[in-house]
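Chemist: for reference, the sequence and a predicted model appear below.
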Protein chains: 2
Amino acid sequence: MSPEEFRRIGKVVVDWIADYRAGIESFPVRSQVRPGEVRAKLPEHPPERGEDFEQVLRDLDEVLLPGVTHWQHPGFFAYFPANSSGPSVLGDLLSSGLGVQGMVWATSPACTELETVVLDWLVELLGLPEHFRTDAVGGGVIQDSASSAVLVACLAALQRTGEEVARRGITRRHVLYASAHTHSSLERAARLSGVGADNVRVVDTDPDTLAMDPRHLDELISADVEAGAVPTMVCATIGTTSTTAIDPVPEVGEVCRRHGVWLHVDAAYAGVAAVCPELRWINDGVAEHADSYCTNPHKWLLTNFDCSALWLADRAPMIEALSVLPEYLRDEATESGEVIDYRDWQVPLGRRFRALKLWSVVRWFGAEGLREHIRHTVALAQEFAGWVRRDPDFELLEPHPFSLVCFRPRYPDLPVEEANERTHRVMDALNDSGDLHLTHTKVDGRTLLRLAIGSPATERRHVEQAWARIRQAV
Amino acid sequence: MSPEEFRRIGKVVVDWIADYRAGIESFPVRSQVRPGEVRAKLPEHPPERGEDFEQVLRDLDEVLLPGVTHWQHPGFFAYFPANSSGPSVLGDLLSSGLGVQGMVWATSPACTELETVVLDWLVELLGLPEHFRTDAVGGGVIQDSASSAVLVACLAALQRTGEEVARRGITRRHVLYASAHTHSSLERAARLSGVGADNVRVVDTDPDTLAMDPRHLDELISADVEAGAVPTMVCATIGTTSTTAIDPVPEVGEVCRRHGVWLHVDAAYAGVAAVCPELRWINDGVAEHADSYCTNPHKWLLTNFDCSALWLADRAPMIEALSVLPEYLRDEATESGEVIDYRDWQVPLGRRFRALKLWSVVRWFGAEGLREHIRHTVALAQEFAGWVRRDPDFELLEPHPFSLVCFRPRYPDLPVEEANERTHRVMDALNDSGDLHLTHTKVDGRTLLRLAIGSPATERRHVEQAWARIRQAV
Ligand SMILES: Cc1ncc(COP(=O)(O)O)c(C=O)c1O
Ligand SMILES: Cc1ncc(COP(=O)(O)O)c(C=O)c1O
């Protein structure tokens, strides 16, 4: 495809996306296809001769779109949002268009330096501690996901135990600590790093707030030390996946400090809310205690996947754990130690110019625009929560400080199993309707519906409609 | 950014990329900036108010481009190519525009099913074994990189040893086998998985072909078994990073089979050459012996990063190693077992719709166009090698079956250290000139220059110019 063909077809694709976004409400939010339905419509064999791009777009419309769940639909309230905004999509397009590799500084210095600058900006925007900036011993890096971020944190934590895990492998029992509400990526980090899922301790949570109990954490760590194991990392969550519960980072951090255990703070979804001063309390304890901290602009900060921001208070143990320097990657800049080589900060070697999309987002929206987005979505969620609270047919889970609201229909005469079953049926009916998309969680044996607001396309009327449809379905 | 603003600005960005590609030869291939130079020109603080996208593009031109190494430049011969083509960029743009998550089938069925189909197409295009298709117990998946692919393979291999590593953690000494020419990602997999870098055995290579010696491998494995360790995985490479050497997969595979050790075949760069029937011999032994196999369309098959294809002969141990199913991700389709959830096939949880770009590439070029691209770049490299071979001032490393040529100036009167030093100076001078970009490697203590051809923009005249410049610099 010559530059001139790219110019022509690229504009057709831009139009396609603009039309898609403009008309997105015409689609059922959740795809209604059955397993195998899309596959059956695709050719079994690859084409021998090249085809026009117009044919690709036609098949996208006819074959693929029915199999797409529309995450950018204003009626998408499932999981957590996966924001995507115009400037982000265009920043990402520039990254693809440049097609550079940022594995080390020398392979494209701007790719590394813009990333450092934008992550320093984010430290300022979110009110995170100065020592997360890359000037001194800490630093920030874009990961593909919060899952990879917690794995990298775990590897750094293993290294810091002094057991030389990267070199000698796991030779003792290392233990990670989490609550029942910690994201499953922590258990995956245990599986991937050789720690093992059995060595993840589940710390009790407060039955009301669902927050981690620091006293129980303390007891568990002490018992493990006594038993000869190596307490390695605690994962505290700011905004759990189920219900956006908040672990008490100051108290958990105190326990970690006392025992010399690495504290990773997972604020994948909620962390970006700290762009708003009135929500900055969620960072309590992070400055004093977090060895690593992660939040995802690709969830709620208008940046399309993949863009997860990870900061370390001290980058040295991570680099020790991950750095391997073969001859074909040696260069002057790396040898001089003057530069950052982000290859040593992540699982993959290669890396795209992901900073471009985050840079585009921050510049297009400005601090002001980012705050507005968070405030708008939080306000909608609070309004929705108010409707649920006032309706005697529903039960609301408190608190709900962000843009996720958990609730369930009341079935006062039904045993819990049956009530759960009914709640599931309500959710399925709503999802099948195509008007909105919700997911569920379970707390204390009870099934709750989760309504997460986050799409920039979602207006008040969409939330009103959702509420009307939910009441009707119940 | 409204759809209409996106429509307008998106076209400006498309024009920017078309102009960039059309004028790419006007840039020095390798960025000439000093460490910190780009950063110093970027604002220290994020903007309070939003800015126009035009300002972003202006800064891209003025501040960032001088810090960019132009991987798509026809004079880029460094590392391995990181191909990017128009259809790929546009496929990726569609992925960003849709903004869907493909972590499980249900979150966007088309995202999963297209990936399955396109990877099955690739099995056919590359003449890989039928059992890599996702119909039966095997299957293919797009990873971000070959580094993540070898990590996933290693985790599956650990699981298959029956030691229940995912659950219990590493409790015995596991050993991985590689040669001195295996990519550093294998050592990283050892560090990341808890196996430990010390437990990577370096198998001897043939001094002429630089290929792994299967007899030595056999001895090492036997010795490890005797010592009570668990031989876990062998990594054989088709096309090493240094020199594109090829390990003897049939013989290495025989050894693996005899000892029940997992064989991972890393064909990150060279594997895609098998689109050409005349190069399909590189797959020898893969059908019979490979437990996992990886090749990167993002290197030499016209697909922009990230797109690394990984296949498994049996996906079960990988899924056992990686699968964690929390309540908030439970859904009917997953419970039914009728669908694939690619979340269990990779390190991160979230995933973008990466199949779109590979699909766009295969459809735009067709099998014919893909073969043409490989043939064209291989032919250019062979022609270049011929010039080197015939020039008494140069020494050529044989063989060079793909599009990488390794060579060095002859300095008959200099001791090896000084010759190496001079070769480095030649390379630095060439890279500083901005006309072309080469990297180096070291074989047997001797520094070699690497010239890798792969950009669709590279024509015969660029290779001729490169050769003229190299002779001049020497
Ligand atoms: C608290 C928390 N941590 C981690 C993750 C994983 O995010 P990712 O998809 O970026 O790995 C999630 C995703 O919902 C989350 O809510
Ligand atoms: C043989 C081989 N394996 C693995 C890799 C790593 O590739 P990636 O950047 O996709 O991790 C490379 C990169 O050059 C390679 O040449």
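Modeler: Arrived safely. Numbering: from 1, shown residues only, chains lettered A, B, ... in the order given. Ligands and ions are numbered 1, 2, ... in the order given.
Chemist: helix, strand or coil for A:Ala40?
Modeler: State at A:Ala40, reduced to three classes by DSSP: H, G, I helix; E, B strand; the rest coil: helix.
Chemist: what lies in contact with stretch A:21-33?
Modeler: A:65-70, A:72-76, A:78, A:431-437, A:457, B:3-4, B:6, B:97, B:108-110 (CB atoms under 8 Å, 6 or more residues apart in numbering or on different chains). Just so you know, the C-beta spots here come from the backbone N, C-alpha and C atoms, and that holds for glycine as well.
Chemist: okay, now it: how far is its last residue from its first?
Modeler: Counting by CA to CA, to the nearest Å, you get 21 Å between the two ends of stretch A:21-33.
Chemist: what's near enough to touch whatever residue of the stretch 251-400 of chain A ends up closest to ligand 2?
Modeler: As assessed by CB to the nearest ligand atom, ligand 2 sits closest to A:Gly350 within the stretch 251-400 of chain A, at 3.2 Å. Each residue near A:Gly350 by CB under 8 Å, 6+ apart is listed here: A:Gln101, A:Met103, B:Ala82, B:Asp144, B:Ser145, B:Ser147, B:His298, B:Phe305, B:Asp306.
Chemist: one more time with 6 Å, if that's ok
Modeler: A:Gln101, A:Met103, B:Ser145, B:Phe305 (CB atoms under 6 Å, 6 or more residues apart in numbering or on different chains).
Chemist: list just the nearest of the residues you listed to ligand 2.
Modeler: B:Ser145 (3.2 Å).
Chemist: out of the contacts of A:Gly350, who's the most crowded?
Modeler: B:Phe305 (30 neighbours; other CB atoms under 10 Å in any protein chain shown).
Chemist: was I right to think it contacts B:Pro297?
Modeler: No - counting by CB atoms under 6 Å, B:Phe305 sits too far from B:Pro297 to count as a contact (9.6 Å).
Chemist: for chain A, which element, helix or strand, carries the lowest mean pLDDT?
Modeler: helix A:332-336 (a mean of 73; mean pLDDT, DSSP states H and E).
Chemist: from the contact counts, what lies against that one?
Modeler: Judged by 3 or more CB pairs under 6 Å, 6 or more residues apart in numbering or on different chains; DSSP states H and E, helix A:332-336 has no packing partners among the helices and strands.
Chemist: buried sites along it?
Modeler: Residues of helix A:332-336 classed as buried: A:Ala333, A:Thr334 (neighbour count, 16 or more other CB atoms under 10 Å in any protein chain shown).
Chemist: wait, does the following helix or strand past it contact chain B?
Modeler: The helix or strand immediately downstream of helix A:332-336 is helix A:355-390, counting by DSSP states H and E. Yes - applying CB under 6 Å from any CB of the partner chain, one finds helix A:355-390 touching chain B at A:Ser360, A:Val362, A:Arg363, A:Trp364, A:Phe365, A:Gly366, A:Ala367, A:Glu368, A:Gly369.
Chemist: those residues, buried ones only, as a PyMOL selection?
Modeler: This is the PyMOL syntax for the buried subset of these, where burial follows 16+ other CB under 10 Å:
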select buried, chain A and resi 360+362+363+364+365+366+367+369
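Chemist: tell me the one of the residues of helix A:355-390 next to chain B nearest chain B?
Modeler: A:Gly366 (3.9 Å; CB to the nearest CB).
Chemist: pretty sure that closest one is touching B:Arg49, no?
Modeler: Yes - at 4.4 Å, A:Gly366 and B:Arg49 qualify as touching, with contact defined as CB under 6 Å.
Chemist: in chain A, what residue comes closest to chain B?
Modeler: A:Gly194 (1.8 Å).
Chemist: nearest residue to that residue other than its sequence neighbours?
Modeler: Of all residues not flanking A:Gly194 in the chain, B:Gly194 sits nearest, at 1.8 Å (CB to CB, 6 or more residues apart in numbering or on different chains).
Chemist: relative to ligand 1, how far out is the one you found?
Modeler: 20 Å (CB to the nearest ligand atom, to the nearest Å).
Chemist: next: A:Trp467.
Modeler: Distance of A:Trp467 to ligand 1, computed by CB to the nearest ligand atom: 24 Å.
Chemist: what mean pLDDT does the helix or strand where that residue lies have?
Modeler: Assigned by DSSP H and E, A:Trp467 belongs to helix A:460-473. Across helix A:460-473, pLDDT averages out at 97.
Chemist: that older thread, chain neighbours aside, what residue packs nearest to the residue of the stretch 251-400 of chain A closest to ligand 2?
Modeler: B:Ser145 (4.9 Å).
Chemist: burial of A:Pro214, as a residue count?
Modeler: There are 21 residues near A:Pro214, going by other CB under 10 Å.
Chemist: who's in contact with A:Glu335?
Modeler: No contacts exist for A:Glu335 under CB under 6 Å, 6+ apart.
Chemist: could I get the average pLDDT for stretch A:67-81?
Modeler: On average, stretch A:67-81 scores 96.
Chemist: before we move on, what about stretch A:299-310?
Modeler: 96.
Chemist: and if you look at stretch A:110-121?
Modeler: 97.
Chemist: and it, anywhere near chain B?
Modeler: Yes - looking at stretch A:110-121 against chain B by CB under 6 Å from any CB, the contacts come from A:Ala110, A:Glu113, A:Val117, A:Trp121.
Chemist: next, format those as CSV and append neighbour count.
Modeler: Formatted as CSV, these follow (neighbours: other CB atoms under 10 Å in any protein chain shown):
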residue, neighbour count
A:Ala110, 29
A:Glu113, 28
A:Val117, 22
A:Trp121, 23
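Chemist: ok, the closest residue in space to A:Asn83 that isn't next to it in sequence - how many residues close by?
Modeler: Using CB to CB, 6+ apart and skipping residues adjacent in sequence, the residue nearest A:Asn83 is A:Leu302, 4.8 Å away. By the measure other CB under 10 Å, the count of residues near A:Leu302 is 31.
Chemist: kindly report the same for A:Asp19.
Modeler: A:Asp19: 12 neighbours (other CB under 10 Å).
Chemist: sorry, back to before: dump the residues of helix A:355-390 next to chain B to TSV, plus pLDDT.
Modeler: TSV is the format used below for these (pLDDT from 0 to 100):
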residue	pLDDT
A:Ser360	98
A:Val362	98
A:Arg363	98
A:Trp364	98
A:Phe365	98
A:Gly366	98
A:Ala367	98
A:Glu368	98
A:Gly369	98
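Chemist: thanks a lot, see you next time.
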